[in-house]
Each structure stands twice: as structure tokens, then as C-alpha cells.
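Undergrad: Kindly return the folded structure for what I paste below:
(one chain, ligands or ions: 1)
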Amino acid sequence: MDIFCDKLKEECGVIGIFQEDINSISRRLCFGLVALQHRGQESAGISVINEGKTKYYKDMGLVQEVFDDTILDKLEGTIGVGHVRYSTTGDSLCENAQPLVVNMKNTSISLAHNGNLINATELRDELYDHGSLFQTSIDSEVIANLIAVNYEGDMPKAVSKSIARVKGSFALVIGTNDMLIGLRDPFGLRPLVLGKLEGEGYVFASETCALDVIGAEFVRNVEKGEMVIVTEKGVESIFYDESQKKRLCSFEYVYFARPDSDIDEVNVFMARERAGRILANESPVEGDMVIAVPDSGIAAAIGYAKESGIPYGTGLIKNKYLGRTFIKPDQKSRELAVRLKLNVLKENIKDKRVILIDDSIVRGTTSKKIVTMLRNAGAKEVHVRVSSPPVMYSCYFGIDTPSRKALVGAEKEIQDICDMIGADSLAYISIDGLKKSIGCGENLCMACFDGDYPMEVPKKSNKFVFEKN
Ligand code: SF4
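TA: Down below sits the predicted model:
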């Protein structure tokens, strides 16, 4: 768990580029990864392919900590794949950083995966039985091994055949000697877009903010069950599985994605602002000021303020320059961490009835500390409004969630949560309200709120234990 915040955690961000000019690819990939940094902060990696030769560099840390000019200068190529990671399966080790680079007969692949496979353990055992070797403890290596087993000279065919075996969520970018492939799972759980570099190539990325940063134009979303193949001849599309209904992760809009991104053509900031407006209508309360838990609560707080007519103000200031490594994960340090991360703007909230907007409550521990800080700073009343429904079920599709027992929404009634966090009142947006705010209701996964998973989920964890002599 990130000791700085009580949120669900996105697993990864992916990017891939196919271009003519060999010189600028590593910087473009690097800038794109910086834009996707919010999707994973544990490790970063770039792989480039030039005339059949693959070079790569990956390490633990933020993108700017991993890459410098010397490293980027050495990564020249016409095809490139990049990845930022937060671990949900597999330990937080350099061996598990991506892209995975796998050599096979007459070619190699660089693979970057956002998502989680729920049948990885069975597939891994099956592959072991057939002599496959594994270097990492991540589920993505199962896909790479399946592709190696199925490859007979036709990469899209090998990928389709391999993907037909896996269950779970995946947005994949795969670079080979002569093509770049982007694909999404049959439910479209994790996002992936296609962009165009002016006159000279194509880009796949988890979010449109990465396209904006490198000056690429949005072309379209990669659709659920679709594989898009970019070669020198242009762009080709194969729908490898059209049997499922779309179930895009609704939490992308609640918290994961950057507010300036469009996810499946819905702008994230606008969806959050609409959620705030709906919340104001569903759960009005008298107050003097609407404030946000920064940064992810800001858009919904603005929406709540606009709809209710109660002024929006700043009540909490976030320290944006905190490192992640110097605080130990013990209880005392966790408490300190919240105060290091957030401080109250006392003059603004003293003697006021404050309406505090947060995007989600997972364990409830951070909410309690924030409410206490506001009261200690002189707030007369603290009313908490949450722009997502109670998180009641664990996610199996690439999002790090605590077990159900640790989810306060699963364990307690709303009034009990209100008492626990010490607020004067607490209300969450309804499931219908959240769907309405995003605007593509039935095409969403809402399973962490309603338990309606798009596929059968495993009874036991599929985390691998990494052992090395
Ligand atoms: S269970 Fe929740 S976090 Fe997981 S994919 Fe579905 S909506 Fe997203």
C-alpha cells in the first residue's frame, strides 16, 4: 500500500511508437512515459528496435530517475515500446520491470502490458510443463511465452492465438522487428489509443495525455477485442474477439486517469465535474465552502460548488515534491505521511461549515486524518461527499485493491463510516449517478462497487512468488 494515500492503485501505463526517424524515438517514449507516470511509479523501461536489433533499458524508479541523456542517446530505433509499472502481480523488483524483451526464432518481441491475467498461474504451470522458462514473476511473461510457443512466422496470428488462451484484462503494446501491435482485451477493460505523429508514424498509448505531450494527433481508440497492426505499409485492424460486451473500468474516470485525458472519448475532468454536480443534487447539505481533497477531488468539488451555488475554495494544500522512499511503512510514519502530504489552509476554513469532496474512500484511514486536521484548524462542521459509490469488492483486473475485509465500504454502513472518520455527515454518489456522469453506462465495469464482474473471478490470489538463487 502507498503510505501516502488511501486509494486504489493503477497497475501500469504503456506506450509504443512506429516512426521513420531513428533519432528521436527514445525521447518521445520518455516524454510519453512522464505523461503516464501517474499510472505507475515503481519502475520504468524503454525498448527500441533498429534494423532487427533490440536495445532496452529499464530500472526501478520514476521515469526521470531511470533515464538521462546518456541512456536516451543510446536508444535509437524506428520501433519503440515504453512502460511504467506499479506492481499488483509479481514483486516490486527490477526483474519484473517492462517492456519484456523476448528473443524467438528469426525475431524478437518487446512487450508492455497494462492489466492483469486471472488464469496466469494455470497457464504458467502448463508452459513450464512444455519447457518454457520464466525470468520474472509477472503475469505478462505468460503472454510473451505463449507468443513464443505459437510463433510460426506470422506475428499477428501468434498474438491472436496466444490471447485466445488468456483471461483477464490487457492493453498490450508489442514491438517486433518490423511492426508495432496494439491490442485491447475483449471487454476493453483497460484503455488504449492510437495517435499519429505528423507525417512520420504512429503511437499507441494508455491515455491521450501522452499523445499531447509528444505532439501526436489522436486518431481513435483501439476497440475492445481489436488488434491494430502498424507496419511500413500502414495501419491494419483485426477484430480477434467480438463476443463480449464492452466493460471499460469506471475507476479510470474516478481516479486513475489524468484529468486532461480523454478515455474512450470522454474527457476525464468533465466526467468528474459532472459527478460533482450529480452528487450536489443527490446529497445536498448546507455549508459555507466546498473544498477538495487534492488533486483528484478537485474537478468533482468544482462541479459540486457550481451546482449547489456554495463557493469553491482551497482548504487543503498538497506537497507535490515528496519522495516515496524515506518513510517507513509503520503506523507512526503513515500518520506523519498524511501531514507531510496535505496541510490545511487554516485562514480559509476557520469557523466555516466545510463540504469536503473526495473521489473515493477505500480504507477510510486517510479520510479520518483529514477530517481531524480540518477540525483542529477550526472548521465548524465537516461534511464529506464522495464522487464514487462505496468501494465494496476487490478488483482482479490490474488494480491493486486491499482484501474485502480492509474495504471500509464492504465492512460498515455509511453512518458507521461517518462516525469512524468523525464527519458531521457523509454521502456517496449513487451507482446510477456515477454511470450518468461518465455517460456510457452499460459499457462500464463497476464491479468494485456492485460486485458484477465481467467474467468469473478466481477464488485465490494469482500472485507469483519470485525466487532467485
Ligand atoms: S473492478 Fe473496479 S477497478 Fe477493477 S476494472 Fe472494474 S471498475 Fe475498474
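Undergrad: is it true that R28 touches A205?
TA: No: counting by CB atoms under 8 Å, R28 does not reach A205; the two are 10.6 Å apart. To be clear about C-beta, it is placed using only N, CA and C from the backbone, and glycine gets the same treatment.
Undergrad: Next, the contact list for the residue sitting furthest away from the middle of the chain, please.
TA: The outermost residue of the chain, judged against the average C-alpha position, is D351 (38.2 Å), by CA atoms, centre = their mean. Contact partners of D351, counting by CB atoms under 8 Å, 6 or more residues apart in numbering, are G378, A379, K380.
Undergrad: Against which helices or strands is whichever strand or helix holds E122 packed?
TA: Using DSSP states H and E, E122 falls within helix 120-129. Packed against helix 120-129, as judged by 3 or more CB pairs under 8 Å, 6 or more residues apart in numbering; DSSP states H and E, are the following elements: helix 140-150.
Undergrad: so what secondary structure elements neighbour the helix it packs on?
TA: Counting contacts by 3+ CB pairs under 8 Å, 6+ apart, helix 140-150 packs against strand 100-104, strand 107-117, helix 120-129, helix 155-163, strand 168-175.
Undergrad: and the angle for the helix holding E122 with strand 107-117?
TA: 150 degrees (axes from the mean of the first three to the mean of the last three CA atoms, to 10 degrees).
Undergrad: For helix 120-129, buried residues please.
TA: Across helix 120-129, burial judged by 16 or more other CB atoms under 10 Å covers A120, T121, L123, R124, E126, L127.
Undergrad: Count the neighbours of K196 for me.
TA: Using other CB atoms under 10 Å, K196 has 16 neighbouring residues.
Undergrad: domains of this structure?
TA: As given by automatic domain parsing, the domain ranges for the chain are 9-247, 262-450.
Undergrad: Of all the residues in the stretch 251-400 of the chain, which one is nearest the ligand?
TA: Closest approach between the stretch 251-400 of the chain and the ligand, counting by CB to the nearest ligand atom: C395, at 3.0 Å.
Undergrad: my read: that residue touches P402, true?
TA: No: counting by CB under 8 Å, C395 does not reach P402; the two are 10.2 Å apart.
Undergrad: which stretches of the stretch 51-200 of the chain aren't confidently modelled?
TA: Filtered on pLDDT under 70, the stretch 51-200 of the chain yields the residue ranges 87-92.
Undergrad: got the residues of it near the ligand?
TA: With CB under 6 Å from any ligand atom as the criterion, the stretch 51-200 of the chain comes near the ligand at residues L189.
Undergrad: Could you check which residue of the stretch 51-200 of the chain lies nearest the ligand?
TA: Residue nearest to the ligand within the stretch 51-200 of the chain: L189 (5.3 Å; CB to the nearest ligand atom).
Undergrad: How about that residue: what's its closest non-neighbour residue?
TA: Closest residue to L189 apart from its sequence neighbours, by CB to CB, 6 or more residues apart in numbering: S169 at 3.7 Å.
Undergrad: partner residues bridging that neighbour?
TA: Per DSSP bridges, residues listed as beta-bridge partners of S169: N116.
Undergrad: What is the burial count for it?
TA: Residues lying near S169 (other CB under 10 Å) number 29.
Undergrad: For L211, see how far away it is.
TA: S169 sits 22 Å away from L211, going by CB to CB, to the nearest Å.
Undergrad: now do H383
TA: H383 sits 39 Å away from L211, taking CB to CB as the criterion.
Undergrad: which phi and psi does the nearest residue to A257 once chain neighbours are set aside have?
TA: Counting by CB to CB, 6+ apart, A257 lies nearest to V268, which is 4.7 Å off, once chain neighbours are set aside. Phi and psi for V268, reported as degrees, to the nearest 10, are phi -70, psi -40.
Undergrad: residue contacts, V268?
TA: E252, Y253, A257, R258, P259, D260, S261, D262, A299.
Undergrad: Reformat those as CSV; add pLDDT and neighbour count.
TA: Shown next, in CSV, are the contacts of V268 (pLDDT from 0 to 100; neighbours: other CB atoms under 10 Å):
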residue, pLDDT, neighbour count
E252, 95, 26
Y253, 96, 31
A257, 95, 30
R258, 95, 22
P259, 96, 17
D260, 97, 14
S261, 98, 26
D262, 97, 21
A299, 98, 24
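Undergrad: show me where the stretch 351-469 of the chain has helices.
TA: With DSSP state H, counting those that start in this stretch applied, the stretch 351-469 of the chain shows helices at 365-376, 408-411, 414-421, 431-438, 447-450, listed in chain order.
Undergrad: Quick check: which of those is buried the most?
TA: Highest mean neighbour count among the helices of the stretch 351-469 of the chain (mean count of other CB atoms under 10 Å): helix 447-450, with a mean of 22.
Undergrad: Tell me the helices and strands packed up against it.
TA: helix 431-438.
Undergrad: elements contacting the helix it packs on?
TA: Packed against helix 431-438 by the contact rule (3+ CB pairs under 8 Å, 6+ apart) you find helix 268-282, helix 447-450.
Undergrad: element containing R190?
TA: Assignment of secondary structure by DSSP H and E places R190 within no helix or strand.
Undergrad: And for it, the neighbour number?
TA: 31.
Undergrad: how close does the nearest residue to it once chain neighbours are set aside sit to I181?
TA: Nearest non-adjacent residue to R190, counting by CB to CB, 6+ apart: A171, 4.0 Å away. Distance of A171 to I181, computed by CB to CB: 12 Å.
Undergrad: where does the stretch 351-469 of the chain have low pLDDT?
TA: Scanning the stretch 351-469 of the chain for pLDDT under 70 picks out 459-469.
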